Structures are given as C-alpha cells and as structure tokens.
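> Okay, predicted coordinates and the sequence, questions at the end:
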Amino acid sequence: MRAGAITGLVLAGGRGSRMGGVDKGLQAFGGATLAARALLRLRPQAQRLAISANRHLDRYGALGVPVWPDADGGFAGPLAGMLAGLAHCTTDWLVTVPCDAPYFPADLVARLLKAAQHQDALLAHAAGPGGGSGGDRLRDQPVFALLHASLRDDLAAYLASGGRKVGAWMAAHRPAVARFDAPGDDPTAFANANTLDELSAWERHGP
C-alpha cells in the first residue's frame, strides 16, 4: 500500500447551508480558496488528486484536478462524495478530506494507512480532539477517511436504501481508527469552519 496507490479526494459537494448557501470550497482563505488549500496540503500525501463538487464545476476544474459530482446530484452528503470518488478512482485506495478543515495533519494519509494495515481493515478514519483551541475530548472524524475500492458497491447500496449517516455505514465495516492525540499533535487539526464569520476570524487568529 504505497502512496502512489492512493487517490486523494477533497469533499466540496455540500450546500454550504451554515455559510448562507455559498459554495464553501470556493471561499477565500489564506490567499487561496479552501479547496485549493486542501489540495495543496494533500498533494504530498497522495499521488492522484480529485475534487468532489456539485456546483461551479468549471471553477473547481481550474485547480487542475478531476472534478467528480455526486451521481444523483441530490446533495446527499459526504457519503455521496465518497461514492463518487470510489466510482471514478482507478487506485485501490481513496482518502477523503473535507474542504473546510485547512489545518488537517500533514501525515494524515500515512497514519490512516498504518492503522488500516495494523488492523487488516478495508476502512480507516481519524479520531482527534473535537476542534478549536482547548478542545481535548477525543472524537471520531469520519470524513477524514481511507477507503478500499472494494467498498464501492456496498456504499452504493447503503445510499440507495436511503442511508446518509457516515458513522453508521462505517461502523458496519469495523473501521480502523488512527488517533491524533499524541504529544505534538495539533489539537486544532480537525477544526472546521462552519460560518463566514468563523472563517474570517481564522484568517486573523487561527482556529
């Protein structure tokens, strides 16, 4: 399981409801867009990159990677983006990150991969502090995930049955968990911006 055998997917296909309906991945942050920053952080960790998006596909395409919309166009949540990734990627493994968490770990993929190997699992996700300064309670971070391509049909069936909960689907596959709460780990690594005001504050002070 080498880095070259992994496709990295930035999840940017949501409605952005808590940001007033804006396309979250295209919001400016740190001199770029959130999606562009996520790609930059993911690029050293996975050989192939893509974006899951359902709007402004031309603008996402300008970032120089494939853009994969949800199959049904129904904004069915992160699992629909994961399924789009599994349906299009040509690698054995897919790693996903949300577009609104610009500080995710620089060694995310390596540690997810190590957890999957250690537990002989087809799926691994991160767990870390809840986010924000001072957050110390360990919490599952299921959209920071490593998925084996063989899960594609099972995920498609789950979505077709009306399932939408990421944690519920993953729990059925006994996922490996990569913990990010060791000394030296950033306690804000998984913090995500939910409002434009929050994003603006992050630019000035960090999460």
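On my side now, so go ahead. Numbers count the residues shown, from 1 in each chain.
> drop to CA atoms for contacts and neighbour counts, all remaining ones
Noted.
> okay, and for this protein, where does confidence drop off?
For the chain, the stretches flagged by pLDDT under 70 are 1-4, 15-20, 73-75, 130-136, 205.
> Mind checking which residue lies nearest the centre of it?
Closest residue to the average C-alpha location of the chain: residue 97 at 1.6 Å, with C-alpha atoms, centre = their mean.
> Does that one touch residue 10 like I think?
Yes - taking contacts as C-alpha atoms under 8 Å, residue 97 lies within contact range of residue 10: 5.2 Å.
> before we move on, back to that, and the residue nearest to the centre of the chain, which of the three is it?
Three-state assignment for residue 97 (DSSP: H, G, I helix; E, B strand; the rest coil): strand.
> so how far is residue 184 from it?
Remark: distance between residue 97 and residue 184 (C-alpha to C-alpha, to the nearest Å) = 21 Å.
> swap in residue 176?
Applying C-alpha to C-alpha, the value for residue 176 to residue 184 is 22 Å.
> cool, and residue 105?
11 Å.
> Of the two, which one has the most company?
residue 105 (18 against 7; other C-alpha atoms under 10 Å).
> What about the spatially closest residue to the more buried one that is not a sequence neighbour, how many residues nearby?
Closest residue to residue 105 apart from its sequence neighbours, by C-alpha to C-alpha, 6 or more residues apart in numbering: residue 189 at 6.0 Å. Neighbour count of residue 189, defined by other C-alpha under 10 Å: 21.
> Residue 189 belongs to a helix?
No - checked against three-state DSSP, residue 189 lies outside a helix; its state is coil.
> Now that it has come up, it's in contact with residue 100, right?
No - with contact defined as C-alpha under 8 Å, residue 189 does not count as touching residue 100 (11.3 Å).
> biggest strand in the chain by residues?
strand 138-148 (DSSP state E).
> and after that strand, which helix or strand comes next?
With elements assigned by DSSP states H and E, the helix or strand that comes after strand 138-148 is helix 152-160.
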